[in-house]
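Student: when you get a sec, could you give me coordinates for this:
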Amino acid sequence: MKLTASKLSKPGGRKVNEDYADYCLLDRFGCYLMADGLGGHRGGDIASKAVVDNIINSFKASPGASTEILKNYLQNAACLIDKIRSSEGQESSLKTTLVAVLTGGNVACWAHIGDSRLYLFRSGKLCFQTRDHSVPQHLADSGSISADQIRFHEDRNRLTASFDSSNFDKIRYSDNELQLQPGDRFLLCSDGFWEYVYESEMEACLDQSKTVDSWLKNMENILHEKADEGHDNYSALAINVS
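Tutor: Numbers count the residues shown, from 1 in each chain. Down below sits the predicted model:
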């Protein structure tokens, strides 16, 4: 299997970009990460970058692709966040979401917490997406609202969990290692991205795009057409399997 990736991360209409996305490829292994520092909390930009950089460093030191390996990477990053919080600095309340994907050979596994999402497309169609740790997601799960109403709910930004050691048991992992197939596409993105780009539009852009770069660009164009002035930071990381 050959994997290629592309990323974008923009401040949108804000002065500070609290999103951070990055990836690393080593031999037959890959590590792909997207984090969204929470607005309204001091140090959101520091939190997202610290978590992503720490996991990348753990991956570089000991590359692999299994749920247990991923848990170890995340545990190290959670400890780092706790250390920063315990300091006397201004970043004492820093918070972030996280989506992480590991690939190795022909398998992949993932984890997520918060309202940043992972989408998996197979044969050009959406076949899996993560469920947010948010108040509207809880309402959708209980049947009080439809899944389509999450984007527009008044409490959409109210999260029920973010990344740190106290929420470690709330991190959701892939049930099993996924057997990759040629043509699989992953999309990791923040709420500032999926708020404007609907799943049907993700599929349509995928159908029109030959590369992950063009897929991201086409979706970003849709975001720009819809977003109001002052809109949130937005980030996305796309992975192609061939």
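Student: centre of the chain to the helix or strand of the chain with the lowest mean pLDDT, how far?
Tutor: Using mean pLDDT, DSSP states H and E, helix 135-141 stands out as the lowest-scoring helix or strand of the chain, at a mean of 89. Here helix 135-141 is found 19 Å from its chain centre; the criterion is Cα atoms, centre = their mean, to the nearest Å.
Student: now the longest helix anywhere in the chain: buried residues?
Tutor: For the chain, the helix reaching the highest residue count under DSSP state H is reported as helix 67-86. Neighbour-count burial for helix 67-86, counted by 16 or more other Cβ atoms under 10 Å, picks out 67, 69-70, 73-74, 77-78, 80-81, 84-85. Any C-beta I mention is one placed from the backbone N, CA and C, and that applies to glycine too.
Student: other SSEs contacting that helix?
Tutor: Secondary-structure packing of helix 67-86 (3 or more Cβ pairs under 8 Å, 6 or more residues apart in numbering; DSSP states H and E): helix 44-61, strand 98-104, strand 107-113, strand 172-173.
Student: please identify the deepest-packed of these.
Tutor: strand 98-104 (a mean of 26; mean count of other Cβ atoms under 10 Å).
Student: give me the residues contacting that one.
Tutor: Contacts of strand 98-104 from elsewhere in the structure, counted by Cβ atoms under 8 Å, 6 or more residues apart in numbering, are 3, 28-35, 51, 55, 59, 63-66, 69-70, 73-74, 108-114, 116-118, 130, 163, 171, 180, 186, 188-189, 239.
Student: restrict it to CA atoms and write it as CSV.
Tutor: Backbone C-alpha positions of strand 98-104 (Å, rounded to 0.1, in the frame of the first residue of the first chain) are rendered in CSV as follows:
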residue,chain,number,x,y,z
LEU,A,98,-7.7,15.3,19.1
VAL,A,99,-8.0,13.0,16.2
ALA,A,100,-5.2,10.5,15.6
VAL,A,101,-4.7,7.8,12.9
LEU,A,102,-1.9,5.3,12.7
THR,A,103,-1.2,3.2,9.6
GLY,A,104,1.2,0.3,9.0
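Student: please consider this matter closed, and thank you.
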